[in-house]
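What would the 3D arrangement of this be:
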Amino acid sequence: MKQNTHLAINPSLVGKVEKLEAENAVVTLLAAPEMAADQRGLVHGGFTFGLADYAVMLAVNDPNVVLGGASVKFLKPVAVGQLMRAEAVVTNAEGKKRIVKVTVTVDGAPVMEGELTAFVLPKHVLD
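Take a look at the predicted model:
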């Protein structure tokens, strides 16, 4: 399937697309040293969330998709050097609103999960 959204994004910041299907996406991101929040290599949760958000945008895969809200739980810490994997699945599509379930794992164990609300707008959000 062709990617239709977030075409200019830097994969080193939000991940590499591993799978893209209708209403489903898998994205991976290697936790880099620049993502560390402390000397022990704890990765800031914003990078984990960014990965999840990107996977959600790809699951919707519309050029005018935007994030409207999120309810997430961080379940385990992520450390520098770990490979995060986000899988996003659209669970409800009604009008312009999309509800997307996303799970981020490291070595098969969930580190973050949640439900994000996205909207498909009639034109670019900056127009």
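
quick check: mean pLDDT across the helix or strand harbouring residue 116?
For residue 116, the host element (DSSP states H and E) is strand 109-120. Model confidence over strand 109-120, given as mean pLDDT, is 98.

Any idea how far apart the tips of stretch 29-40 sit?
19 Å (C-alpha to C-alpha, to the nearest Å).

Compute the inter-axis angle for the helix or strand containing residue 88 and strand 109-120.
Assigned by DSSP H and E, residue 88 belongs to strand 83-94. Relative orientation of strand 83-94 and strand 109-120, computed by axes from the mean of the first three to the mean of the last three C-alpha atoms, to 10 degrees: 40 degrees.

Could you list the buried residues of strand 83-94?
Buried residues in strand 83-94, counted by 16 or more other C-beta atoms under 10 Å: 84, 85, 86, 87, 88, 89, 90. Glycine gets a C-beta too; all of them are placed from N, C-alpha and C.

still on that earlier bit, which secondary structure elements does the strand holding residue 116 contact?
Packed against strand 109-120 by the contact rule (3 or more C-beta pairs under 8 Å, 6 or more residues apart in numbering; DSSP states H and E) you find helix 45-60, strand 65-74, strand 83-94, strand 97-106.
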